[in-house]
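# Need a 3D model of the sequence below.
(one chain, ligands or ions: 2)
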Amino acid sequence: MSSQKKCLISVFAVACAAFLASTYLFGQGAAPSFSPLVNARGDIAFPPDFPNGFMHIGTVAVAGNGGVTDTHATYTRPSDAAYYRSHGTFPDGAVLIKDVQGVIGSPHTTGNAFWASEGKTWFLMIKDSVGRYPKNPLWGDGWGWAQYDPKDRSKQIAKDYKQDCIQCHVPAKATDWVYVYAYPGLGERVLKFTPAAARAATAKAAAVAAPAMSGNPAMVAAGKTAFEETCGSCHTVEAGKNNTGPSLFGVAGRKAGTEATYAYSSAMKDAVVVWSRETLPKFLADPKGFIPGNRMGRFFPGVDSAEKREALVSYLESLK
Ligand code: HEC
Ligand code: HEC
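Ligands and ions are numbered 1, 2, ... in the order given. So this is what the prediction gives:
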C-alpha cells in the first residue's frame, strides 16, 4: 500500500473515532460543547481517566480528634495551572477537582504521620466565562458545579449549586470562588490571598504547640528515663564532664562538635549541623547515616521509636 493511502486511512480512522466519541459524549445530533466533560444540556461528567491528565496543586488537611481525619487534594489540568500562573485567572473550560479522602495514621520515622487511604467523594468546578447554561441549576457565577457519588464516580449528585455549593465558597468570592491560596501549584501569586486570620491562627497554634512539645514535664521525664537507659553509659549531662562521648549539657542550639574539652572525630567537628528539634531526632534515628564517619555511629545503632526520640529531644532541650 502506498504511504499516501495509509495516511488517508489513518486520517479517516482518527476522524471516525472523534465522531463516535462525540456522539457518545454529547448525545445524537447535539452540537459538541466547549468542554469534553459537558454535554449540550450542561450535564457535567467526571473525567473518566482521572487522575491521568491532571496535576495536584495543593492539599488541605482537616483536623479532628487526635489528628488528621480527611485530606482534600485539589487537581487541575497542567494547561489550566500554567494559564493561572501567567494570567492570575482561570481560562474558560478550566477544571478543578477536589478529591476528598479519608485518612489513617501511625508513627513513621518522620513523626506522627497520616495519609489518605480511601476516596470519599469528588467535587468538580468547570469555568464558564460566557454563562452558557442560564437555566441549568448547576451553572452560575462563572462556573459549572458538580459532585460525584462516593461509590460511583460516573453519577453526578449535586442538584443546585446555590444550595449545595456556593454558600460555603463565599469566603473565596474575591478569588472567583476558589480557595486559591491553598494551592501552591498555581504559583506564588496565590499566597497574597492568604487571609490574615489564617496567618495569625497558625502563629498562635505554633506558639501553643511549641511549649507543649519541649517544655512538657511528662515528655522531659520520659526522656530522662530513656537517656539513663540508652545514653548514660557514654554521656553525662554535667557541664564539662565528658565520658566516651561529650557532655550533653547545653547541647540543644550548639553546633555539632563544639564541646570545648572533648576530642571529637573530624567527621563530627566538620559537620555543618546545629543540634535542634529538627536535627537531633535524625541523628538519634541513624547516628551513622546522619553524620557519616562520626564515632558514636560506630558504637550505637540508633533509637528506633519516634516517640522515644521525641522524649529524648525534650530532655536534651531541658539541659541548660
Ligand atoms: C461545607 C462547605 C462546602 C460545601 C458544601 C462545598 N464546598 Fe467546595 N470547598 C469548600 C472549601 C472550604 C474548599 C477549600 C478547600 C478545603 O478546605 O477543603 C472547597 C474547595 C472546593 C474545590 C477545589 C477548588 C476551590 O474552589 O478551592 C472544588 C472544585 C469545590 N470545592 C467544589 C464544590 C462544589 C461543586 C460543591 C457543591 C456540589 C462544593 N464545593 C460544596 C467548602 C465547601
Ligand atoms: C556507645 C557510646 C555512645 C552511646 C550509647 C551514645 N552516644 Fe552519643 N556520642 C558518642 C560519641 C563517641 C560521640 C562523639 C562522636 C564523634 O566525635 O564523632 C557522641 C556524640 C553525640 C552527640 C553530638 C554532641 C556534640 O557535642 O556535637 C549527641 C547529640 C549525642 N551523642 C547524643 C546521644 C544520645 C541522645 C544518646 C542516647 C540515645 C547517645 N548519644 C548514645 C557515644 C555514644
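# Sheet partners, orientation included, of the longest strand seen in the chain?
If you go by DSSP state E, the chain has its longest strand at strand 111-127. When pairing is defined by DSSP bridges, strand 111-127 lines up against strand 95-108 (antiparallel), strand 143-149 (antiparallel).
# so what secondary structure elements neighbour the next helix or strand after that strand?
Using DSSP states H and E, the helix or strand that follows strand 111-127 towards the C-terminus is strand 139-140. Packing partners of strand 139-140 (3 or more C-beta pairs under 8 Å, 6 or more residues apart in numbering; DSSP states H and E): helix 161-164. Placement of C-beta: from N, CA and C, glycine included.
# how far out from the middle of the chain is the helix it packs on?
28 Å (C-alpha atoms, centre = their mean, to the nearest Å).
# For it, buried residues please.
With burial defined by 16 or more other C-beta atoms under 10 Å, the residues of helix 161-164 counted as buried are Tyr161, Asp164.
# for stretch 310-320, same thing?
Glu310, Ala311, Leu312, Val313, Ser314, Tyr315, Leu316, Glu317, Ser318, Leu319.
# That one near ligand 2 at all?
Yes: with C-beta under 6 Å from any ligand atom as the criterion, ligand 2 is reached by stretch 310-320 at Leu312.
# which one of the strands paired with strand 111-127 has the lowest average pLDDT?
Note on the strands paired with strand 111-127: lowest mean pLDDT is at strand 95-108, with a mean of 93.
# Run through who's touching it.
Around strand 95-108, the neighbours that count as contacts under C-beta atoms under 8 Å, 6 or more residues apart in numbering are 35, 37, 47, 50-51, 54, 61, 67-77, 80, 90, 112-127, 178, 305-307.
# ok, which of those residues also contact ligand 1?
His72, Thr74, Phe123, Leu124, Met125, Val178.
# any idea which element Ala197 lies in?
Using DSSP H and E, Ala197 falls in helix 196-214.
# ok, residues contacting the following helix or strand past that helix?
Once the chain leaves helix 196-214, the next helix or strand it forms, by DSSP H and E, is helix 217-230. With C-beta under 8 Å, 6+ apart as the test, helix 217-230 has contacts from 213, 235, 237, 303, 308, 310-316, 318.
# Please spell out which residues along helix 217-230 are buried.
For helix 217-230, using 16+ other C-beta under 10 Å, the buried residues are Met219, Val220, Ala222, Gly223, Lys224, Ala226, Phe227, Thr230.
# Repeat that for stretch 91-101.
Gly93, Ala94, Val95, Leu96, Ile97, Lys98, Asp99, Val100, Gln101.
# And the average pLDDT for the longest strand of the chain is what?
Strand 111-127 comes out at a mean pLDDT of 93.
# Please point out which parts of it sit buried.
Phe114, Ala116, Trp122, Phe123, Leu124, Met125, Ile126, Lys127.
# which one of those residues sits closest to Gly250?
Phe114 (34.6 Å; C-beta to C-beta).
# Roughly how far does that closest one sit from Gly66?
10 Å (C-beta to C-beta, to the nearest Å).
# for stretch 282-298, the distance to its chain's centre please.
With C-alpha atoms, centre = their mean as the basis, stretch 282-298 stands 29 Å off its chain's centre.
# Get me the contact residues on the stretch 201-320 of the chain for ligand 2.
So far as C-beta under 6 Å from any ligand atom goes, the stretch 201-320 of the chain lies against ligand 2 at 230-231, 233-235, 244-246, 248, 251, 256-257, 259, 264-265, 267-268, 275, 284, 294-296, 299-300, 303, 312.
# Which one of the buried residues of helix 217-230 is nearest to ligand 2?
Thr230 (4.4 Å; C-beta to the nearest ligand atom).
# Next one, pLDDT for that closest one please.
93.
# Could you do the one 4 residues further on as well?
Looking at Cys234, its pLDDT is 93.
# Tell me which residues of stretch 52-60 come out buried.
Phe54, Ile57, Gly58, Thr59.
# can you list contacts of it?
Outside stretch 52-60, the residues touching it (C-beta under 8 Å, 6+ apart) are 47, 71-78, 81, 95, 97, 179, 182-186.
# can you narrow these to ones near ligand 2?
Near ligand 2, by the rule C-beta under 6 Å from any ligand atom, you find none of the contacts of stretch 52-60.
# re earlier: just give me the closest of the buried residues of helix 217-230 to Ala172.
For those, the nearest to Ala172 is Met219 (38.9 Å; C-beta to C-beta).
# quick one on the thing from earlier: would you turn the buried residues of stretch 310-320 into TSV with secondary structure, pLDDT and distance to Pro195?
TSV is the format used below for the buried residues of stretch 310-320 (DSSP: H, G, I helix; E, B strand; the rest coil; pLDDT from 0 to 100; distance: C-beta to C-beta, whole Å):
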residue	secondary structure	pLDDT	distance to Pro195
Glu310	helix	89	32
Ala311	helix	89	36
Leu312	helix	93	38
Val313	helix	93	33
Ser314	helix	91	33
Tyr315	helix	92	38
Leu316	helix	94	37
Glu317	helix	92	33
Ser318	coil	91	37
Leu319	coil	91	40
